[in-house]
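Student: what's the 3D shape of this:
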Amino acid sequence: MIDSYASSDDAAVAIAGARAGADVIRTMYGRRLNRIDKGAGDFATAADVEAEKKILGVIRAARPDDAVLGEEGGQQGAVGSVRQWLVDPLCGTLNYAVGNMLVAVNVALRDGAAAVADPFSGEIFFTDGETAWVRRDGTDDALLTPTSATRLVDVNLDPPFPSAPGFRAVDLLARPEFIDRFRPRVVSTTLALAWVAAGKRAAYVTDGGDLSGSVHFAAGIALCRAAGCVVTDIDGAPTGEAGRGLVVAADEETHGLLLSMMRSRG
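Tutor: Residues are numbered from 1 along each chain as shown. Model prediction:
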């Protein structure tokens, strides 16, 4: 099956990789899995490792000359390659390890196609770099249409907090103007970025460094840009310019409101 992707486009490769990883995550769900300590409270499981192997198998069969940066395996492939795939085989390992299904599989070609798979809903969110869709039931594709109608804003509260004390995501949630306009949701997986692109969330906020080249965030950022979301760092600057964190909103109004709240210390 993998060889069949050799002549397909990059979006098809991303989808196939994400689906292969999602199949592993779904199959291994609920098993007792050994944990691989990564330090600072972080760990991987056998499911992370096996899913990444399957994803890399798809990419290598279809794009043998491309480089890959994997969450578990690190940098692989041609050092000088101008094309690099960013792979996070299981975003939400902490959730998965305790039997929570809120996880994602992320596969992205840097500055190109990307796919985010939800192993348990069966949805695959994907982009060719210009337009974004969701695929349900294997074949039913629908354009992603961002909207702020839900008023739900996902905020990542996981440490570290590099922008503190100037910015703390938890402080944003307690601001009266936030409470008046939005309702908070707290997740620990970048599936939330796909939800902004799909109109299931109004926005997503996280602290951090430049996340545009992160295996965790690259696929979600690509989806949101292609869907027409507003994507900046927490200072309102374009991502990919050594910025800080991420603010992704369904529209300019929501983005502007969040930035104004984050900048106000009162």
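
Student: for the protein, what's the longest strand?
Tutor: strand 84-91 (DSSP state E).

Student: what is the mean pLDDT for it?
Tutor: For strand 84-91, mean pLDDT rounds to 97.

Student: and stretch 46-57, by the same measure?
Tutor: On average, stretch 46-57 scores 96.

Student: mind listing what's buried along that stretch?
Tutor: 47-56 (16 or more other Cβ atoms under 10 Å). For every residue, glycine as well, the C-beta is placed using N, CA and C.

Student: contacts for stretch 92-100, please.
Tutor: Applying Cβ atoms under 8 Å, 6 or more residues apart in numbering, the external contacts of stretch 92-100 come out as 25, 29-30, 33, 35, 43-45, 47-48, 90, 101-104, 188-189, 191.

Student: now stretch 34-41
Tutor: 43-46, 48-49, 97.

Student: list just the nearest of the residues you listed to Phe120.
Tutor: Ala97 (14.9 Å; Cβ to Cβ).

Student: the residue nearest to Lys200 when sequence neighbours are not counted - how many residues pack around it?
Tutor: Nearest non-adjacent residue to Lys200, counting by Cβ to Cβ, 6 or more residues apart in numbering: Thr150, 6.6 Å away. Thr150: 17 surrounding residues under other Cβ atoms under 10 Å.

Student: now Thr150: how far from Pro162?
Tutor: 29 Å (Cβ to Cβ, to the nearest Å).

Student: now Val79
Tutor: For Val79, the distance to Pro162 - Cβ to Cβ - is 29 Å.

Student: what about the two, which has more around it?
Tutor: Each of Val79 and Pro162 has its neighbours counted (other Cβ under 10 Å); Pro162 has more, 12 against 7.

Student: which ones are touching the more buried one?
Tutor: So Pro162 contacts 207-209, 244-245 (Cβ under 8 Å, 6+ apart).

Student: pick out the most distant pair among these.
Tutor: Pairwise over the contacts of Pro162, using Cβ to Cβ, the maximum falls at Asp207 and Gly209, 8.9 Å.

Student: neighbour count winner among these two?
Tutor: Asp207 (23 against 16).

Student: now the more buried one, what are its backbone angles?
Tutor: Main-chain torsions, Asp207, degrees, to the nearest 10: phi -80, psi 170.

Student: which strands border the longest strand of the chain, and is each parallel or antiparallel?
Tutor: Here strand 84-91 has these sheet partners by DSSP bridges: strand 67-70 (parallel), strand 104-109 (antiparallel).

Student: nice, that's everything, thank you.
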